[in-house]
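Peer 1: just coords:
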């Protein structure tokens, strides 16, 4: 793969398809720092590129740096609320960090995107029960439960 990819990447170092392929190869070879550096450099020229952002988060997770991937994925899911890949990766990053409440909340967003309102609400209820009473997290989770209940009711009325 290097024989084919390296000359292409040398000729067009900003080509996102080549960067994506090279990153996949880096990760396969467990060259995590190389993949991360490659993606960070590419993101300087394309800071809002979805594929590069998700790939960087993925590379960070593979490198055991899920805490860093959480900040990228949090921003990513904020910018791309309907992207199931981002929510799935964020849930995994939180799971890797032992943040069960945030993992459940991220999984709830996946359920909501699929129209599985009851499951989404149940995940948020569980998340709310795991955090400190009257905390900001509990308030956020409870507010989202209310939003999901309203969404469920609107869909049921259609």
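Peer 2: Looks like it came in fine. Computed from a prediction, not measured in an experiment: that's the story for all the values here.
Peer 1: In stretch 46-53, which residues are buried?
Peer 2: Across stretch 46-53, burial judged by 16 or more other C-beta atoms under 10 Å covers 49, 51-53. (C-beta placed from N, C-alpha, C; glycine too.)
Peer 1: Stretch 137-149 too?
Peer 2: Across stretch 137-149, burial judged by 16+ other C-beta under 10 Å covers 137-138, 141, 144-145, 148.
Peer 1: One more: stretch 18-38?
Peer 2: Those would be 18-27, 31-32, 34-36, 38, for stretch 18-38 by 16+ other C-beta under 10 Å.
Peer 1: I would like the residues contacting that stretch, please.
Peer 2: 1-2, 5, 8-9, 12, 39, 42, 51-52, 55-56, 58-60, 62-63 (C-beta atoms under 8 Å, 6 or more residues apart in numbering).
Peer 1: Contacts only, for the spatially most central residue of the chain.
Peer 2: In the chain, the residue lying closest to the centroid (C-alpha atoms, centre = their mean) is residue 86, at 3.1 Å. Going by C-beta under 8 Å, 6+ apart, residue 86 touches 54, 73, 76-77, 80.
Peer 1: hmm, 10 Å instead?
Peer 2: Residues near residue 86 by C-beta atoms under 10 Å, 6 or more residues apart in numbering: 50, 53-54, 57, 72-80, 106, 109-110.
Peer 1: Check those residues for burial and list the buried ones.
Peer 2: Buried members of the contacts of residue 86, scored by 16+ other C-beta under 10 Å, are 53-54, 57, 72-74, 76-77, 106, 109-110.
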